[in-house]
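1. 3D, please:
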Amino acid sequence: MWTFGFPTVASENENHLAWRDKILTILDSIRNLNIPEYEIIIVGGPYPKNGRNAYRLHAFGDVKHIPFDDQTDWIKDDSFLKLRNGLSIKDEKSEEYVVKKLDINKRKHPGIKSGWTTKKKNLIWQNAKYENVVIFHDYYKFDKDWFNGFNKFGYDWDFCWNVKHTISGERYRDWILWDHPTLPKRMLLPYDQKSFTRHQYFDGNYTVGKKAAWEKYPLNEDLLHYYGDDIEWSYRVRKDESLKLDFNPHSKVEHIIPRTTGDEEYSWETQAQKERALNFLKTNFPEEW
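-> Got it, this is the predicted structure:
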């Protein structure tokens, strides 16, 4: 029994074709897994009931849409005083990681309004009715054998990760070393290497967890997207020796749009494809371009 949930952002045009097709790709990939009991939770964004293929968003009875106010300037709220003053956390080598201060006079960051992803993600597990909860960003689709892979791997874990690929088929931050005393930072670990979890970072764009584990370790709502929320969460989770943190090599998710992070460069097959991809990214993810 599975709950799949992702936060999304309201488009200026609720009938934006690219946004609609992206969401439908995600939903179709989940539905094609043929899981006997599941639900899909979408937090934020539009929920169009008109237009091309709109019926597929809600006709199956498997989607729960939780509206989210993406217009309020949340940063003015006193709950973000910590973020405005700057936060700092320390890794296992006692190196201080400073969460950058947010300048409320420079409203370039989407987190001012729509980027309160920590709140959105917490709403997913809080509203989940099943034990196994997948929380991911709205640019992943599920490989057709994803569910079979978890059945093969088993369910004896608290938090679990699996193979993540870019649109070009390369590994993407799926099992990452962070602050090991001798090995490189951000090193992609072999999938069978499970003895370094105390020194790992768990990328916030995709995590599988038991609902009870999410309840014990919610996202820190003092932090916005791109402000180290997944690093801070990783530091808390990995210190708990009672948790079983595991990796499932038999299941896979894939990007449905090209992504770059500054650490990697991906190539596309043709210049025309590249131009379409870049135009889509610049329109829908202007904070990254």
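
2. Please, where are all the helices along the protein?
-> Ranges of helices within the chain are 17-31, 55-58, 81-85, 117-127, 146-153, 211-216, 229-238, 271-284, based on DSSP state H.

3. Can you give me the neighbour number for the closest residue to residue 180 other than its chain neighbours?
-> In space, residue 180 comes closest to residue 199 once its chain neighbours are excluded; the distance is 4.3 Å by CB to CB, 6 or more residues apart in numbering. Where C-beta positions appear, they are placed from N, C-alpha and C, glycine not excepted. Counted with other CB atoms under 10 Å, the neighbours of residue 199 add up to 20.

4. Who are the contact partners of residue 199?
-> Taking CB atoms under 8 Å, 6 or more residues apart in numbering, we find residue 199 in contact with 92, 177-181, 238.

5. how near is residue 240 to residue 246?
-> Residue 240 sits 14 Å away from residue 246, going by CB to CB, to the nearest Å.

6. Low-confidence regions, the stretch 151-289 of the chain specifically.
-> For the stretch 151-289 of the chain, the stretches with pLDDT under 70 are 258-289.

7. ranges for the strands of the stretch 51-200 of the chain?
-> Under the criterion DSSP state E, counting those that start in this stretch, the stretch 51-200 of the chain contains strands at 63-66, 87-90, 96-99, 132-136, 140-142, 159-165, 176-177, 200-201.

8. same for the longest one, what does it pack against?
-> Same thing as strand 159-165. Judged by 3 or more CB pairs under 8 Å, 6 or more residues apart in numbering; DSSP states H and E, strand 159-165 is in contact with helix 146-153, strand 206-210, strand 245-255.

9. Output the ones you listed as JSON lines; include the columns distance to residue 124 and mean neighbour count.
-> What follows is these, written out as JSON lines (distance: least, CB to CB, whole Å; neighbours: other CB atoms under 10 Å):
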{"stretch": "helix 146-153", "distance to residue 124": "18", "mean neighbour count": "17"}
{"stretch": "strand 206-210", "distance to residue 124": "11", "mean neighbour count": "22"}
{"stretch": "strand 245-255", "distance to residue 124": "16", "mean neighbour count": "19"}
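
10. mind checking which of these is nearest residue 68?
-> Nearest of the helices and strands packed on strand 159-165 to residue 68, taken as CB to CB: strand 206-210 at 19.6 Å.

11. Let me know the angle separating that closest one from helix 117-127.
-> Orientation check (axes from the mean of the first three to the mean of the last three CA atoms, to 10 degrees): strand 206-210 against helix 117-127 gives 30 degrees.

12. how far off helix 146-153 does strand 206-210 point, in degrees?
-> Calculated by the same axes, to 10 degrees, strand 206-210 forms an angle of 50 degrees with helix 146-153.

13. What strands flank strand 206-210, and is each parallel or antiparallel?
-> strand 132-136 (antiparallel), strand 159-165 (antiparallel) (DSSP bridges).

14. most packed of these?
-> Of all the strands paired with strand 206-210, strand 132-136 has the most neighbours on average by mean count of other CB atoms under 10 Å, namely a mean of 24.

15. before we move on, the earlier item: point out the one among the strands of the stretch 51-200 of the chain that comes closest to residue 187.
-> Closest of those to residue 187 is strand 176-177, at 4.2 Å (criterion: CB to CB).
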